[in-house]
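**Q** Provided below are the primary sequence and the corresponding predicted coordinates.
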Amino acid sequence: MIRGDFQRSMDARSLRRPDSLWSYTHLDLPLLLLLLALCGYGLFVLYSASGQDIEYVRRQAVRMGAGLAALIVLAQVPPRTLMRLGPWLYVMGVGLLVAVLLFGVGAKGAQRWIALPGFRFQPSEIMKLMLPIMVAGYLARHPLPPSFKSIGVSLVMIAVPFALIMKQPDLGTSLLIGASGVFVLLFSGIYWRWILLAIALGAAALPGLWMVMKDYQKQRVLTFLDPESDPLGAGWNIIQSKTAIGSGGLPGKGYLEGTQSQLNFLPESHTDFIIAVIGEELGMTGVLVLLALYLLIIGRGLVIAVQAQDSFSRLLAGSLTLTFFVYVFVNIGMVTGLLPVVGVPLPMVSYGGTSIVTLMVGFGMLMSIQTHRQMVRR
Amino acid sequence: MESKRFNDYSKENSFFASRAIIAFLLVTVLMAVLVSRIYYLQVIEHDRFTAISERNRIQLQPVAPRRGLIYDRNGELLADNRPNFSLTLLKEELQGVDETLARLREIVELSEDEISRFKRRLDQRRRPYETVPLKFRLTEEEIAKISIEYHRLPGVQVEADLVRAYPQGPALAHALGYVGRINERELKIVDPNNYAATHYIGKLGVERYYESLLHGEVGWRKVETDVRGRVLQTLEQQDPVPGVDIQVSLDAKLQQFTAELIENRRAAVVAIEPASGEILALVSNPSYDPNAFVTGISVKDYNALRDDLDLPLYNRAIRGLYPPGSTLKPFTALAAVDSGSVPLDHQIWDPGFYQLTAGGRRYRDWKKDGHGQVDLNHALAESCDVWFYDIATKTDIDTFSDYLGRFGFGTVTSLDLPEASAAILPSREWKRGRDNLPWYPGDSLNLSIGQGFMIATPLQLATATAVLANRGKWVRPQMLKRVIAENGLDEIQQAQLAELESKPLPADVKLNREGNWDEIIQGMVNVVHASYGTARKVGAGTEYLMAGKTGTAQVVGIAQDAEYDSEALLERHRDHALFVAFAPADDPKIAVAVVVENGEGGSRAAAPVAREVIDAWLLNDYDNALRDE
């Protein structure tokens, strides 16, 4: 291409980043390829986990498509705009959370959904993104590392949605959201001694947490501590998922061949417990492939965070990336019996709509941060 | 660490980079924790978990609820569930379909039809690990033979379940409908959880309409199975909630008796209790055995039913489309008189035909030489066509359509007969919409005697007769009498009942002059009881007053000036015989409509059937006088 050659020679002289066609899309190619690989792997596993129902795969693919569209849109929004809109989005998110408690619909004693004509959604999902934007924006407007007062204000910002979601009650989501806010603080340069103090205080507060937990949440913790105590009741899930993973071995029993998964021993096999299907049918090899994909995505996210040029961008990118990791860790930890059962899906692999779209939007923000950089001269 | 505010960009930069590296290290360490956990489960403990998984044959299995029973108004059982043992195959465990079938053939008898239907089911979409039935209703001997060979037949099972049975057989088939095995299309519509263990679903009639009441709620049990998936023991069970039993308004005895009355005819009878709208009998003949459809009818048997010229699968009682003939006259007469189009004492001279214009087309009376001087009473009692031709010219078509519509013609008014047809109520707009033609005076002449465009079902005729018997008070014809729910109803069931109750009832028929009811009903009493009445034969010796109207509907048009010669006509081209009646005329307890296809005269073929039905209901006289003739 003549124009391309011309452009390149121009760039060489002015030392400017080349404006390739790709750069107009504001997409980060390594991250995009990793995400597509993860989605493909997820659909492949879902077909087996759903009892070989292509309809589930079709619907999940549609959601992934919607998520990808949202990612592309968000990648076009410069980080500065996000930072400016942050407080408004946060207030709107808190308003929706209050609305959920007042008019929300739900199941099994929990109110999590707002029903609009035609569709329903979980405002807590939106908050997963609003909170880090808000806190990162607030801290970036003040000198870093944050003063004691800034930390206090940030903690209040975190505590409000955390408490509202605890009240729904949805322990898993409130912990994830709390973590997303706390990660911003950790990246902001908060002193280690304060961090250690907070950990000590948190440990001391655990008995208090136990007091405010609902019965079914306590049951989950007890079941986690001793699953065999109730093998047909609440411990069933953990025993079955461990058996599924353990019996898979290194090579696995073969795709669509898992007796635990296919014979309906494994509950929730297509949603929260889908990693057990991978473990059983594709073995440790399959799990390692998945973990490698996750690690590469997290690594790319942290690289984007480090390369970011303003405080807001790096705090947001760091928090989004670590929150993504928490999803992975909590889900796999729960299914393998390391952590108590909290309802956290395996990102991009578990069947279910809202979390996929939220995650994709988050990755869209990461790409925006990466592709809206300018050459800084200082 | 630093204790001063960052005032230097590069300092902040390097600080952040160090934190990001710490974060990445932390992520890596935690990932390593996960990997070591996975390694522990999948490598170190692999043998132990493999053993558990091999032993782990504890499954959660759905348990189908017992389908609600159906009783008649006296508590007679109409639809039952009977234990059935079927031979089923589990595709996932089979070692070759054809080999297994060949081995099975050595043990039990398998017809070609059973095998071809099995193969069709095997190819259909089904839930994973759902067995596919091969042969139903195994005998004890067959079960014993299969049990001996069990070990050689992986994937082969003998399953016990409950199968619908209709002890009353063909006489109730059209009234109740039947259940059959769920097909692929239905599987997509039903709630997959609640139907997880259900193999049968209401396909037609009451069984279909009240599916949500009758089905119940699925139960679950934790069972231990062997390597081949056969249940060894049940560990825990959550019992299914059986479907509710329902009582229908039918009287099984009356229904059977009615079926017997018309057993050799193509005919339909509908009997309604005017006070309640409850359907006492709903018979369509010929019929079929509903039991044949439950586990699946063979293609050969089905084709035989489908291709039968007498159309046994056709529900004449609610879908049969017949010109009502003279049975419509009470309603057209009422329209003409009550609207004031003609005076109550309107009289004409009947020479045996009617001409709209002098020398024009002759509209013939059924009586060649005419009835002479005729008033409303004689017009009804003797079924004088010419009197009706005359009032038809004086009554606007909109008036006819309006009055007939208020009696339910042209609409479905029944509560719970989903397959009922609306038939045709002709009107000016209807004809414009269909043919883009205006309404001609000749159309009104035909309509006045229930011919031409007018089409009604036996159910509509019985309903209109019941409303007439009630002197305009509307009742909704319905099959449901009572829901027998000892344990209450769930949400879906309550919703269905609420939907039933919310169905709007047609407005009562209010006349301009209340006395006109008596005029029409007296005319109908005279049809049966007057010496000149067309149905005087059936009126002889009744203990009660019956109001009726005969009807004879042309099946083929008769050319101008041609003689109607029934001998020369093909049997299937002969006129349909109709009769509507209610009794006692002063305190109606039953309203009946009878249609006998190609029965020729309403008074000869249809009226005696109605008389027998009414005698049976009012006098408990179940002596079939028709057979004695």
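**A** Perfect, I can see it now. Numbers count the residues shown, from 1 in each chain, chains lettered A, B, ... in the order given.

**Q** what's the closest non-adjacent residue to B:Pro506?
**A** Closest residue to B:Pro506 apart from its sequence neighbours, by Cβ to Cβ, 6 or more residues apart in numbering or on different chains: B:Trp474 at 5.0 Å. To be clear about C-beta, it is placed using only N, CA and C from the backbone, and glycine gets the same treatment.

**Q** quick one: secondary structure of the one you found?
**A** Of the three states, B:Trp474 takes coil according to DSSP: H, G, I helix; E, B strand; the rest coil.

**Q** State the distance from it to B:Ala507.
**A** 7 Å (Cβ to Cβ, to the nearest Å).

**Q** of the two, who's got more company?
**A** B:Trp474 (18 against 9; other Cβ atoms under 10 Å in any protein chain shown).

**Q** residues contacting that one?
**A** Contacts for B:Trp474 (Cβ atoms under 8 Å, 6 or more residues apart in numbering or on different chains) come out as B:467, B:505-509.

**Q** ok, 10 Å please
**A** B:277, B:406-408, B:413, B:463, B:466-467, B:505-509 (Cβ atoms under 10 Å, 6 or more residues apart in numbering or on different chains).

**Q** Redo these as JSON lines? Include pLDDT, distance to A:Val349 and secondary structure.
**A** Shown next, in JSON lines, are the contacts of B:Trp474 (pLDDT from 0 to 100; distance: Cβ to Cβ, whole Å; DSSP: H, G, I helix; E, B strand; the rest coil):
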{"residue": "B:Gly277", "pLDDT": "93", "distance to A:Val349": "58", "secondary structure": "coil"}
{"residue": "B:Arg406", "pLDDT": "95", "distance to A:Val349": "64", "secondary structure": "helix"}
{"residue": "B:Phe407", "pLDDT": "95", "distance to A:Val349": "64", "secondary structure": "coil"}
{"residue": "B:Gly408", "pLDDT": "94", "distance to A:Val349": "59", "secondary structure": "coil"}
{"residue": "B:Thr413", "pLDDT": "89", "distance to A:Val349": "55", "secondary structure": "coil"}
{"residue": "B:Thr463", "pLDDT": "96", "distance to A:Val349": "60", "secondary structure": "helix"}
{"residue": "B:Ala466", "pLDDT": "96", "distance to A:Val349": "64", "secondary structure": "helix"}
{"residue": "B:Val467", "pLDDT": "96", "distance to A:Val349": "64", "secondary structure": "helix"}
{"residue": "B:Leu505", "pLDDT": "85", "distance to A:Val349": "56", "secondary structure": "coil"}
{"residue": "B:Pro506", "pLDDT": "89", "distance to A:Val349": "58", "secondary structure": "coil"}
{"residue": "B:Ala507", "pLDDT": "90", "distance to A:Val349": "61", "secondary structure": "coil"}
{"residue": "B:Asp508", "pLDDT": "92", "distance to A:Val349": "64", "secondary structure": "coil"}
{"residue": "B:Val509", "pLDDT": "92", "distance to A:Val349": "66", "secondary structure": "coil"}
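
**Q** Just the buried residues of these.
**A** B:277, B:406-408, B:413, B:463, B:466-467, B:506, B:509 (16 or more other Cβ atoms under 10 Å in any protein chain shown).

**Q** Identify, from those, the entry nearest to A:Leu36.
**A** Distance to A:Leu36 across the buried ones among the contacts of B:Trp474 (Cβ to Cβ) is lowest for B:Thr413, with 59.8 Å.

**Q** Tell me how many other residues crowd B:Arg611.
**A** Neighbour number of B:Arg611 under other Cβ under 10 Å is 27.

**Q** Wait, it touches B:Thr550, no?
**A** No. Applying Cβ atoms under 10 Å as the test, B:Arg611 and B:Thr550 come out as separate, 11.9 Å apart.

**Q** okay, and the common contacts of these two?
**A** With Cβ under 10 Å, 6+ apart, B:Arg611 and B:Thr550 have common neighbours B:528, B:535, B:538, B:579, B:581.

**Q** where does the chain have low pLDDT?
**A** All of this refers to chain A. A:1-19, A:104-111, A:115-120, A:220, A:223-235, A:263-265, A:353, A:374-378 (pLDDT under 70).

**Q** my bad, chain B
**A** In chain B, residues with pLDDT under 70: B:1-9, B:55-59, B:92, B:124-129, B:225-232, B:556-569, B:628-629.
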